[in-house]
Every structure is written in structure tokens, then in C-alpha cells.
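>>> Below are the sequence and a predicted model for it; my questions follow.
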Amino acid sequence: MQPSAAVGANPLPRLIRGDTAVGHYTGSVVDISRLLRPPVSRIACLFLASRLAMLSVGLLSTWLLPSGRAAQPGNLVFHDPAPRALEIWARWDSEWYLLIAAEGYEVGNRLEGLGLPYDRSATAGFLPLYPALIRVLSPILGPVGAGIFISNLCLLLCLILLESLVRIEVGDAAGEQAGLVSCAALLLFPSSLFLSAVYAESLFLLLSIGVFVSARTGRFALAGILGGLATLTRPFGVLLTIPLLWEFWSQRRKDEREDPRPAIRDGLWFGLLPLALGGYMLFCRSVFGDGLALLHRQERWRGESGRGGGLEKLTAIGMSGDGHGYGIQFVRSAVSNSVCGDWQVSSLPGLCSRASSERRAR
């Protein structure tokens, strides 16, 4: 494809032009679907290529490395063994999501005798939307299969939305190519394996990007609904309120002469984010007798949020930089763009690479 004059007048970084390894990877895979022009088919090729590579490495590792279950005896192991191709995606935090999906938050004596001092409120560290979806699909796919299906479906939809968001930010002339490179960068990052595992990362990232796409296109009611769902997936989703308010104010500033009442109604939807977190905290109080069980769970397990007030503790959880926290870093970068400068970035790959570089620096 020959670059247009518009692209030549506004040259993109070398990453977007495809001169780097990521660009080469993108081009080699996308050639498979050259006859299928829509970008969705090209994104699907990238998705399948990366996930098949992950699956191959995962299966090979089961023969070369000891089981992760034996690495730290005493950790929670709840689910029954699944076929090898599925089992490799259900480790560590996956057990908690599967436990909640099967038995809810009151798990009785399930946490006793494991070798680690789990409190009865330990399940409070995992919010309900992802395990609820697993519970719905478990009768059809089994618990592990349901979690893997949800994660990979959300990842594929997330890539489609990411490409759309890049086209909004970069422009149609070069946005498609830039979007494909952004998708490839996300898929090529080594810890993207968590986006296909029985973890809530893909769901949270899908909802977060959906918030930004909706806000940038002026659909603030939808953005508020997606933000509320994101907060029911990971608690730091409430921080999406900051870029939402910034984008809302930026667009309203351009339309000062219009009737403000519809805009005010749209803005009220943003209240769903703190309401979602507040509702979950009330639920924790009714179940565990502790409305801050989510924060206290992190204190006991990681010791990252032992100082400061509730907001500081929540921020510490959200900014702790877990190896699999794509959604954390995306929201963190978006929030810092909103607070420190104009939210509208010239290229979303810069936002993604910024999040990745912050993670590597730690």
C-alpha cells in the first residue's frame, strides 16, 4: 500500500511506518488476509498467530519445567485438573476467580489448612463481574474453559476497539496501519499471556478502552455504563472517572451555546463508577463485616497499601504494577495524560509504549 500525501505531510514514527521488528511482524502476518480488506480480519490474524505461539510455548513448558502448582505449596488450588491445553491457563489468581464462580464469596472452610494464613475475607480481593461471567458459561464450557473463552473473546474485542481508538486519534489516513501496529505491540509483549488466561485483565482492558472510545465519540452515557462495569472488574476502574470528566469538559467547552440539560444528563452517568465501587464495599460489609475488606486483603497479602487513607490505599493497589496489569497501566497512563496535560495524544501507540516502559522500569 502506497502512503498517501497526507501521511507524507505528517510523517509518523518509525514504529507506525512498520520499519521495526513489530512492523515487520505485523506485515508478515497481515499478508495472510490481504484479500480481506476490513481491519478486523487482519486483527484476527494477529490474534490467532500470537495465541497459537503462546499455546505452543505453554505446552512445551509443561514437559520442560516443573508444575507451577509445586512451586509454592500451600497456595489455593480449587479447580479440578483440565486438559493440558486448558490447564496451562489456570494458575495463581485463576483459582480465586474459579472458587468465587463456583461457591460465591462465602467459602466456608475452603481456605483452611492450605499452609498460608488466608483470612475468610480473602475472596474480597477479586471483584464479581469476571467470576459471574464464568459461572454463567460453566455449565456449557466447564469452569476453566469458560474463563479462557471469556478472556480470549474479550482480548479479540479489545483489539478491535483499540484499532478504532487509534484511528480516532491518528486519523483515517494512517490510523488503520497505526492501529494494527498497536495491536501487534500489545500481543507481542511477553506478559500478554495473562490476557488469555483465567484472569480478569482482558475484560478490564476491553471495558477501559470501550470507555475511551465512547467518550471520544461523545457517547457519555455508554462510557459511564462501561466504566461502572470496569469498576466491578477491578477496583481501580473508578479512576477512569478522571479522564471521563476531562473529555466531557473538553467537549462541552466547544459547545457552550447548546442546551446544557442533555449534557448534564450524560454527565450523571459517570456516577456509576463510584457507585459500583461503593456498592461492592457495602456488599463486603454485609458479608465479611468489613467494608474495606478489599483494601485489607491487599495489606495482608502484599503489604503495599499499609499506609495512608482509603484513596491512597486504592491508588497503591492500582499503581502497584503487577506483571499482568495491562488495564492498570493503560488507566494509569490515561489518568496522567488527563491530569498533566491534554488527553488527546497524537498517537495511541505512544500511550501503550509508555505503559509498557513504565512496567519494564520497575
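Noted; the coordinates are in hand.
>>> Residue 125 reaches residue 298, doesn't it?
Yes - using CB atoms under 8 Å, residue 125 makes contact with residue 298 at a distance of 6.4 Å. Every residue, glycine included, has its C-beta placed from N, CA and C.
>>> Just give the closest residue to residue 152, not the sequence neighbours.
With sequence-adjacent residues excluded and distances taken as CB to CB, 6 or more residues apart in numbering, residue 152 is closest to residue 196, at 5.3 Å.
>>> dump the residue contacts of the one you found.
Taking CB atoms under 8 Å, 6 or more residues apart in numbering as the contact definition, residue 196 lies against 51, 54, 89, 148, 151, 152, 155, 202.
>>> what's the farthest-apart pair in the residues you listed?
Farthest apart among those by CB to CB are 54 and 202. That separation is 13.0 Å.
>>> who has more neighbours, the two?
In terms of neighbours (other CB atoms under 10 Å), residue 202 is the more surrounded of residue 54 and residue 202; the figures are 27 against 19.
>>> The more buried one in helix, strand or coil?
helix (DSSP: H, G, I helix; E, B strand; the rest coil).
>>> Tell me the pLDDT of it.
Per-residue pLDDT puts residue 202 at 95.
>>> I'd assumed residue 187 was in contact with it.
No - assessed by CB under 8 Å, residue 202 is found out of contact with residue 187, at 11.6 Å.
>>> Need the contact partners of stretch 141-149.
With CB under 8 Å, 6+ apart as the contact definition, stretch 141-149 has outside contacts at 79, 82, 86-87, 89-90, 94, 97-98, 101-102, 130, 133-134, 136-138, 140, 196-198.
>>> Poorly predicted segments of the stretch 151-300 of the chain, please.
For the stretch 151-300 of the chain, the stretches with pLDDT under 70 are 173, 254-263, 299-300.
>>> which residues of it fall in helices?
172-188, 201-216, 220-231, 241-254, 260-268, 272-288, 293-302 (DSSP state H, counting those that start in this stretch).
>>> can I get those helices in TSV with distance to residue 161?
Shown next, in TSV, are those (distance: least, CB to CB, whole Å):
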stretch	distance to residue 161
helix 172-188	10
helix 201-216	5
helix 220-231	10
helix 241-254	15
helix 260-268	20
helix 272-288	19
helix 293-302	27
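>>> quick one: low-confidence parts of the stretch 1-150 of the chain?
In the stretch 1-150 of the chain, residues with pLDDT under 70: 1-38, 66-77, 79, 110-117.
>>> Quick check, residue 216 in contact with residue 165.
Yes - taking contacts as CB under 8 Å, residue 216 lies within contact range of residue 165: 7.0 Å.
>>> separation between residue 205 and residue 129?
Residue 205 sits 13 Å away from residue 129, taking CB to CB, to the nearest Å as the criterion.
>>> make that residue 246, sorry
Taking CB to CB as the measure, residue 246 falls 25 Å from residue 129.
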